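Participant: Sequence first, then the predicted structure, then my questions.
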Amino acid sequence: MMLSLLLTIPTLFLAPAALLLTSLPQSIAVTCPTLSDLEHDLGSTLSKGSSISASASDAPRWSLYGAPKPAFIVNVSAESDVVSTVRYCNKKNIIFLAQSQGNGWADTFRLGNCGLIINMAGLNKVAFNKYRTIASIGGGAQVKDMVLAAYNNGTRFSNPTCTCLGFLGAVLGGGISRSQGLYGQGVDQVLSLNVVTASGDSLRVNRRSHRDLWYAMRGAAPNFGIVTSAHVKAYPVPKDQNIAWEGAITFADDKLEPLIKAIRDLDLRPEMEIDFLFATSGPPLNTPAITAIPFFLDNASAARVAFASIFALGPLSDETKEVPYDHWGDFANSFCQKGMRKPAYGASLARQGLDPATWRAVYEEFKTFVARYPEAAGSSILAEYYPVQKAVAIGDTTSSYPFRDVPIHVVTIPVYQNSSFDVTANAWGARVRSLLRSTDGLDMNSTYINFAHGDEPLNEIYGKDLPELQKLKKRYDPQKKFNQWFPLA
């Protein structure tokens, strides 16, 4: 049953892989080029190995709901290709969007009739310094590229779980990670960024150069530039020690309230993290199930002590085990399938937001939804609970990411095939989000940007630094070229 259950759960830790999204003021008239025009005018400036296509299938996306509909795709193979493409689009008044792996799911994309996607997937190189403490990565590098390279070089990153994600798209939105208790969040891993600005200029951005942009990019990057490459931290660990304990533990329905309370009462040390989710067993029965997925950066004996209160509840099944770093994300591989419609709704919670009565109401909503609508049986509700001590110690002033002290991020994802179901799916997602917010324990509603839907007020996503980000937006992008991923203006 557990295998089929996991196969129905959407990608964990999804985060937007689109590093930069743009829009064009509607008052400017645009004459769409032909593919021949692009190949002649732009193609002649691109590097060997790049290509231009008019097929959207060349840039597939994880969710078809709200997906951008490009007229053209430019597959770049060098950082200079991004500069050339941005300058060409500016000259021709063409809307453009930079995409790494296509996992961004926001309902905010508007490419118009002749919009263009800059497919960054070809920029996927990973290289280490001689001490294996710093890596140079391309703007299109997938997590799996980085994990394999790190493991083979006796080091590791603080990276998302799903290996199909574009690394920089995830970390520049905040970058929650199962190892963040030891290393800090994704925004804390970045040492420098090579950025293509709205004008098509290329800048090296770090804490000494363009400091205001350095602050803005780490938390709100898609509003300010395209990241073509970056230097990020790596953490040397010998192969035989580069392990963690993880796995799925399932519980009967009547254990839900005790499970929520046990998770809330956990003393999450830096080496710990835990998720829990509601999903189904898959066809033909589509039986709802409650699953906890603990994670521990040590061996099984120490892990079972740390999570003893979870095991004391008497789970139905236990698939936890020690796993080497290059296989930490294996259980999530099936979650990376692209396609279907998945309009996500996120909500963040304080620790006290783990209210057993609220979560019982949420679970009943889930069970009713998948029973009433078999076409949406692949839907799920995922909660991720992180230690935040390290992130809080690093401090809010270091980046624009606003929710370092918020430990729990929840995403509700209806999954279905036909657009005719959109209204029903969105109503359910919004209803679950409202339930979660009713006892979230926060001073104001907050949503991790990588889990957000697109209908939230901006201060729920960008927090208290929203006014400063909007001021910087006017300075670095006065024409609002980058204006589709939760736009600041």
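Facilitator: Arrived safely.
Participant: switch to C-alpha atoms for all contacts and neighbour counts from now on
Facilitator: Fine.
Participant: Might you report the residue contacts of Phe109?
Facilitator: 21, 66-68, 484-485 (C-alpha atoms under 8 Å, 6 or more residues apart in numbering).
Participant: Okay, strands next: where are they in the stretch 151-300 of the chain?
Facilitator: 155-156, 190-196, 202-205, 226-233, 235-236, 243-246, 249-251, 272-280, 288-296 (DSSP state E, counting those that start in this stretch).
Participant: would you list those in JSON lines and tack on mean neighbour count?
Facilitator: Shown next, in JSON lines, are these (neighbours: other C-alpha atoms under 10 Å):
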{"stretch": "strand 155-156", "mean neighbour count": "24"}
{"stretch": "strand 190-196", "mean neighbour count": "21"}
{"stretch": "strand 202-205", "mean neighbour count": "18"}
{"stretch": "strand 226-233", "mean neighbour count": "24"}
{"stretch": "strand 235-236", "mean neighbour count": "18"}
{"stretch": "strand 243-246", "mean neighbour count": "22"}
{"stretch": "strand 249-251", "mean neighbour count": "20"}
{"stretch": "strand 272-280", "mean neighbour count": "24"}
{"stretch": "strand 288-296", "mean neighbour count": "23"}
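Participant: So which of the ones you listed is nearest Asn113?
Facilitator: strand 226-233 (22.1 Å; C-alpha to C-alpha).
Participant: so what secondary structure elements neighbour the closest one?
Facilitator: helix 79-92, strand 134-138, strand 190-196 (3 or more C-alpha pairs under 8 Å, 6 or more residues apart in numbering; DSSP states H and E).
Participant: in the shortest one, what's buried?
Facilitator: Yep, that's strand 134-138 we're talking about. 134-138 (16 or more other C-alpha atoms under 10 Å).
Participant: So in the protein, where's the weakest helix or strand by average pLDDT?
Facilitator: Lowest on mean pLDDT, DSSP states H and E among the helices and strands of the chain sits helix 2-7, with a mean of 36.
Participant: sorry, back to before: turn the strands of the stretch 151-300 of the chain into JSON lines, including mean pLDDT.
Facilitator: What follows is the strands of the stretch 151-300 of the chain, written out as JSON lines (pLDDT from 0 to 100):
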{"stretch": "strand 155-156", "mean pLDDT": "98"}
{"stretch": "strand 190-196", "mean pLDDT": "98"}
{"stretch": "strand 202-205", "mean pLDDT": "97"}
{"stretch": "strand 226-233", "mean pLDDT": "98"}
{"stretch": "strand 235-236", "mean pLDDT": "98"}
{"stretch": "strand 243-246", "mean pLDDT": "97"}
{"stretch": "strand 249-251", "mean pLDDT": "98"}
{"stretch": "strand 272-280", "mean pLDDT": "96"}
{"stretch": "strand 288-296", "mean pLDDT": "97"}
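Participant: Glu468: which of the ones you listed is closest?
Facilitator: Short answer: strand 202-205, nearest of the strands of the stretch 151-300 of the chain by C-alpha to C-alpha, at 18.2 Å.
Participant: follow-up on the earlier one: relative to Val423, which of the buried residues of strand 134-138 is nearest.
Facilitator: The closest of those, once distances to Val423 are taken by C-alpha to C-alpha, is Gly138, at 38.4 Å.
Participant: ok, that closest one - contacts?
Facilitator: 123-126, 228-230.
Participant: Can you lay out those residues as JSON lines showing distance to Gly173?
Facilitator: Putting the contacts of Gly138 into JSON lines (distance: C-alpha to C-alpha, whole Å) gives the following:
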{"residue": "Leu123", "distance to Gly173": "19"}
{"residue": "Asn124", "distance to Gly173": "19"}
{"residue": "Lys125", "distance to Gly173": "21"}
{"residue": "Val126", "distance to Gly173": "21"}
{"residue": "Thr228", "distance to Gly173": "16"}
{"residue": "Ser229", "distance to Gly173": "16"}
{"residue": "Ala230", "distance to Gly173": "15"}
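Participant: hmm, who's touching stretch 38-47?
Facilitator: 51-52, 76-78, 80-81, 84-85, 88.
Participant: Of those, just the buried ones, ChimeraX syntax please.
Facilitator: To isolate the buried ones among the contacts of stretch 38-47 in ChimeraX, judged by 16+ other C-alpha under 10 Å, type:
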select :52,76,77,78,81,84,85,88
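Participant: If we only consider the contacts of stretch 38-47, which is nearest to Asn418?
Facilitator: Once C-alpha to C-alpha is applied, the member of the contacts of stretch 38-47 that ends up nearest Asn418 is Ile52, at 29.8 Å.
Participant: Describe which strands the helix or strand harbouring the closest one pairs with in its sheet and in which direction.
Facilitator: Assessed by DSSP states H and E, Ile52 sits inside strand 51-53. If you go by DSSP bridges, strand 51-53 pairs up with strand 72-75 (antiparallel).
Participant: could I have the strand it pairs with exported to CSV, CA atoms only?
Facilitator: Written as CSV, here are the backbone C-alpha positions of strand 72-75 (Å, rounded to 0.1, in the frame of the first residue of the first chain):
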residue,chain,number,x,y,z
PHE,A,72,8.5,30.6,-28.8
ILE,A,73,11.2,28.9,-26.7
VAL,A,74,14.8,29.9,-26.7
ASN,A,75,17.0,27.0,-25.4
